[in-house]
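*Asks:* Sequence first, then the predicted structure:
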Amino acid sequence: MTNTTNRRTAQRPARKAPVSSAPAVEEREPRGARRKRETRARLLDAALRLMAEKGMEGVAINEITEAADVGFGSFYNHFESKEAIYATLIDNVFEEFADMLDRLAGGISDPAEVVSVSVRHTVLRARRDPVWGRFLIREGFSARVVSRGLGQRLLRDIGNGIAAKRFIVADPFVAFLAVGGTVLSVIAADLNFAAPGATAPAVLAELGFSGEHFPERTAAMLLQTLGLKRAEAEKIAARPLPVVDEAAEEQ
């Protein structure tokens, strides 16, 4: 009897241990903090769209709050002035993107390829996010952008290329203006004529031009402007781009 009982007991499936509730559920963001963060994000998004279209001077605070569907007084819970939200946009739009370019080019030793990667990613970013692109076009040569973010990185990269004797440039600042101005012009042309959803794509064809491979063509031409031979410039501009970790960028 005892043996039979033991066998039956052995044949029974082991009882699962009761699932205990987690001792500490991950603490959720307080509702008030979440609402404040969401309101701030709506204000920044509205300001970006409006300032990309009209510039900082052409936008009033009440326009921003109306576009964000936020009370006028709430604006001052997040920003002390229109200039403050503009400065935050510059940091968000340009500083963070410039930091991303630095990470992408971190393992590249050739200054020419660094410039190629930066130029191509900038054109592609504007194509993916036209509002970002229009804001860059409007603010691209403002004092804040030139002295920080993308402008500062471009000046540095051109200087590195000159120091490494990869670029033959007599005037680094004029070279910076030439490269930056060309990138802004290409973004404007891409948004108007070549990118998906462009307003007048047939214009290029009527003029006998093509909007294909704008990022690569831009990089190749600019590398030639900086002193590289055409064949080498085109070869560098055609290399695979470092991949953007979009998940990491969103965090």
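*Replies:* Happy to help now that I have it.
*Asks:* buried set for the helix or strand harbouring residue 157?
*Replies:* Under the criterion of DSSP states H and E, residue 157 resides in helix 149-163. The neighbour-count check on helix 149-163 (16 or more other CB atoms under 10 Å) flags 149-151, 153-155, 157-162 as buried. Glycine gets a C-beta too; all of them are placed from N, C-alpha and C.
*Asks:* could I get the lengthiest helix in the chain in PDB with only the CA atoms?
*Replies:* Criterion DSSP state H: the longest helix present in the chain is helix 31-54. Presented in PDB, the C-alpha positions along helix 31-54 are these (Å, rounded to 0.1, in the frame of the first residue of the first chain):
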ATOM      1  CA  ARG A  31       0.500  61.800 -13.900                       C
ATOM      2  CA  GLY A  32       1.400  65.500 -13.300                       C
ATOM      3  CA  ALA A  33       5.000  65.000 -14.500                       C
ATOM      4  CA  ARG A  34       3.700  63.100 -17.600                       C
ATOM      5  CA  ARG A  35       1.300  65.900 -18.500                       C
ATOM      6  CA  LYS A  36       4.000  68.500 -18.000                       C
ATOM      7  CA  ARG A  37       6.300  66.600 -20.300                       C
ATOM      8  CA  GLU A  38       3.700  66.100 -22.900                       C
ATOM      9  CA  THR A  39       2.700  69.800 -22.800                       C
ATOM     10  CA  ARG A  40       6.300  70.800 -23.200                       C
ATOM     11  CA  ALA A  41       6.700  68.400 -26.200                       C
ATOM     12  CA  ARG A  42       3.500  69.900 -27.900                       C
ATOM     13  CA  LEU A  43       4.800  73.400 -27.400                       C
ATOM     14  CA  LEU A  44       8.200  72.500 -29.000                       C
ATOM     15  CA  ASP A  45       6.600  70.700 -31.900                       C
ATOM     16  CA  ALA A  46       4.200  73.600 -32.600                       C
ATOM     17  CA  ALA A  47       7.100  76.100 -32.300                       C
ATOM     18  CA  LEU A  48       9.200  74.100 -34.700                       C
ATOM     19  CA  ARG A  49       6.500  73.900 -37.300                       C
ATOM     20  CA  LEU A  50       5.700  77.600 -37.100                       C
ATOM     21  CA  MET A  51       9.300  78.900 -36.900                       C
ATOM     22  CA  ALA A  52      10.300  76.600 -39.800                       C
ATOM     23  CA  GLU A  53       7.600  78.500 -41.900                       C
ATOM     24  CA  LYS A  54       7.900  82.000 -40.500                       C
END
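*Asks:* average pLDDT for it?
*Replies:* Across helix 31-54, pLDDT averages out at 89.
*Asks:* hang on, the earlier thing: got JSON lines for the buried residues of helix 149-163, with pLDDT and distance to residue 186 too?
*Replies:* Listed next are these as JSON lines, based on pLDDT from 0 to 100; distance: CB to CB, whole Å:
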{"residue": "149", "pLDDT": "74", "distance to residue 186": "19"}
{"residue": "150", "pLDDT": "82", "distance to residue 186": "14"}
{"residue": "151", "pLDDT": "85", "distance to residue 186": "17"}
{"residue": "153", "pLDDT": "89", "distance to residue 186": "18"}
{"residue": "154", "pLDDT": "91", "distance to residue 186": "14"}
{"residue": "155", "pLDDT": "92", "distance to residue 186": "19"}
{"residue": "157", "pLDDT": "95", "distance to residue 186": "17"}
{"residue": "158", "pLDDT": "95", "distance to residue 186": "17"}
{"residue": "159", "pLDDT": "95", "distance to residue 186": "23"}
{"residue": "160", "pLDDT": "95", "distance to residue 186": "23"}
{"residue": "161", "pLDDT": "96", "distance to residue 186": "20"}
{"residue": "162", "pLDDT": "96", "distance to residue 186": "23"}
